[in-house]
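Engineer: here are the coordinates; sequence isn't available:
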């Protein structure tokens, strides 16, 4: 799913569409939210019936459009459901090959949620506003990864193929090109695995 959204966004950029705002971040209840600004693209006039699906207090998701913003929110284990609803809204027929990275990120986030941590810290994945690409922020404060060493990365292959990863003040950051979201999250996963 991360590969799908990375490819979808890169394809949009290749069509010379201005920088679009896509944001995925955690909620403090705990959960996830995906927001996509429809106000300046061809999706503005698409409609979506507000949807709320709830099996349990932890297993839920909802979808709606409010003031030109498509919003999908859900429980800590429902990021995949939100991404699937977003893909359905876009009527994107591209096949999804891999859910592993999203499932791993959901599980990592769920494991950090302790009734307290998620109210102050979390995960944020957003499109960059100053150039085409992605920005990731993952707070490690009050986790077992706090104060762990990470060798910063700064890789530049081309204008669209680059990544910079670092830890500063116990927050893991990555900025990357439009096609490097998966690679950046894989760097984070490797950091976590190497510190278990």
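Structural biologist: Everything's here; your move. In this text the structure is predicted, and so the values were computed from the model without any measurement.
Engineer: and residue 37, what pLDDT?
Structural biologist: If you check residue 37, the pLDDT there is 90.
Engineer: I should have written residue 98 there, sorry.
Structural biologist: pLDDT for residue 98: 65.
Engineer: what residues are up against residue 104?
Structural biologist: The contact partners of residue 104, by Cβ atoms under 8 Å, 6 or more residues apart in numbering, come to residue 189. (C-beta placed from N, C-alpha, C; glycine too.)
Engineer: for the helix or strand it falls within, which positions count as buried?
Structural biologist: For residue 104, the host element (DSSP states H and E) is helix 100-112. Within helix 100-112, the residues that qualify as buried are 101-102, 104-106, 108-109, 112, counting by 16 or more other Cβ atoms under 10 Å.
Engineer: closest one of these to residue 129?
Structural biologist: residue 105 (22.8 Å; Cβ to Cβ).
Engineer: wait, isn't that closest one in contact with residue 77?
Structural biologist: No. Using Cβ atoms under 8 Å, residue 105 is not in contact with residue 77, being 10.9 Å away.
Engineer: hang on, isn't residue 39 packed against residue 68?
Structural biologist: Yes. Using Cβ under 8 Å, residue 39 makes contact with residue 68 at a distance of 4.1 Å.
Engineer: can you give me the strands in the chain?
Structural biologist: Assigned by DSSP state E, the chain shows strands spanning 22-27, 31-37, 51-54, 60-66, 69-75, 123-127, 134-139, 153-156, 162-168, 171-176.
Engineer: neighbours of residue 48, just the number please.
Structural biologist: 15 (other Cβ atoms under 10 Å).
Engineer: wait, it touches residue 62, no?
Structural biologist: No. If you go by Cβ under 8 Å, residue 48 and residue 62 don't touch, sitting 10.9 Å apart.
Engineer: okay, now the unreliable bits of the chain?
Structural biologist: 13-19, 95-98 (pLDDT under 70).
Engineer: apply 80 and report the result again.
Structural biologist: 1, 8, 11-20, 40, 44, 92-99, 130 (pLDDT under 80).
Engineer: re the thing from before, out of the strands of the chain, which gets nearest to residue 2?
Structural biologist: Smallest distance to residue 2 across these (Cβ to Cβ): 8.5 Å, for strand 123-127.
Engineer: quick one: that closest one to strand 171-176, angle?
Structural biologist: Here strand 123-127 points in a direction 20 degrees away from that of strand 171-176 (axes from the mean of the first three to the mean of the last three Cα atoms, to 10 degrees).
Engineer: residues touching strand 123-127, excluding its own?
Structural biologist: The contact list for strand 123-127 (Cβ under 8 Å, 6+ apart) reads 9, 19-26, 105, 109, 133-139, 181.
Engineer: count of neighbours near the residue lying closest to residue 3 once chain neighbours are set aside?
Structural biologist: What sits nearest to residue 3 in space, not counting adjacent residues and going by Cβ to Cβ, 6 or more residues apart in numbering, is residue 182, at 5.2 Å. Counted with other Cβ under 10 Å, residues neighbouring residue 182 total 18.
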